[in-house]
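Asker: one predicted model, sequence on top.
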Amino acid sequence: MLVRTDDEVYRVDSVWLGPPRATFPWRARYVSYGVGLLAMILVMFLQRRLGIGLDFFSVAWALVITVVVTRFLGQRIDYERPLGQVVALFGHEVRGPRATTATAGGAVRSGHVRTGPAVAPGRRSGGRRRGRA
């Protein structure tokens, strides 16, 4: 016996296609508009902080970056994993405990290394050879 689940009900995207007879040429969920707005504000804020002026090309690049970021996040957001859960997961990943990579010991010091004039090859500093007299 097959039991049908109610997954089909949740798979329906909340999509606004526009007013009748004047729809958008794209399909976007409601959450995508909010994510896009926040991404655009963040990208333009970063551009101003980097010293990029407000002209046609900076706004065009901000729009392109916003579309890429929104599509990237939109692929990870669905009815099983809403935006709040994705943001919380990102926060946990950033603040989560990490394995310690520091090694035991301190700074490397060269105080115990003897320095002086170079010794010619073949001669040892341990003593003089005595020739036959």
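Answerer: Here it is on my side, so go on. Numbers count the residues shown, from 1 in each chain.

Asker: now I77: how far from S32?
Answerer: 8 Å (C-beta to C-beta, to the nearest Å). (Each C-beta comes from the backbone N, C-alpha and C, glycine too.)

Asker: who's in contact with V67?
Answerer: Shown in contact with V67 (C-beta atoms under 8 Å, 6 or more residues apart in numbering): G36.

Asker: next one: the host helix or strand of it to chain centre, how far?
Answerer: For V67, the host element (DSSP states H and E) is helix 56-76. Centre-to-centre, helix 56-76 and its host chain are 16 Å apart (C-alpha atoms, centre = their mean, to the nearest Å).

Asker: and the next element down the chain from it?
Answerer: By DSSP H and E, the next helix or strand past helix 56-76 is helix 83-95.

Asker: now do that next one: distance to the chain's middle.
Answerer: Chain-centre distance of helix 83-95: 13 Å, with C-alpha atoms, centre = their mean.

Asker: what's the neighbour count on V35?
Answerer: Neighbourhood size, V35 [other C-beta atoms under 10 Å]: 22.

Asker: would you check that it makes contact with G74?
Answerer: Yes. Counting by C-beta atoms under 8 Å, V35 does reach G74; the two are 6.9 Å apart.

Asker: how much does the helix holding V67 deviate in direction from helix 83-95?
Answerer: Helix 56-76 and helix 83-95 are oriented at 100 degrees to each other (axes from the mean of the first three to the mean of the last three C-alpha atoms, to 10 degrees).

Asker: could I have helix 56-76 exported to CSV, CA atoms only?
Answerer: Extracted in CSV, the C-alpha atoms of helix 56-76 (Å, rounded to 0.1, in the frame of the first residue of the first chain):
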residue,chain,number,x,y,z
PHE,A,56,27.0,53.7,-14.0
PHE,A,57,29.7,51.0,-14.0
SER,A,58,29.9,50.6,-10.2
VAL,A,59,26.1,50.3,-10.0
ALA,A,60,26.1,47.8,-12.9
TRP,A,61,28.7,45.7,-11.3
ALA,A,62,26.9,45.9,-7.9
LEU,A,63,23.8,44.6,-9.7
VAL,A,64,25.6,41.7,-11.3
ILE,A,65,27.2,40.7,-8.0
THR,A,66,23.8,41.0,-6.3
VAL,A,67,22.2,38.7,-8.9
VAL,A,68,25.0,36.1,-8.4
VAL,A,69,24.8,36.2,-4.6
THR,A,70,21.0,36.0,-4.7
ARG,A,71,21.0,33.1,-7.1
PHE,A,72,23.7,31.3,-5.0
LEU,A,73,21.7,31.7,-1.8
GLY,A,74,18.4,31.0,-3.6
GLN,A,75,19.7,27.5,-4.5
ARG,A,76,20.3,26.7,-0.9
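
Asker: I appreciate the help and will end here.
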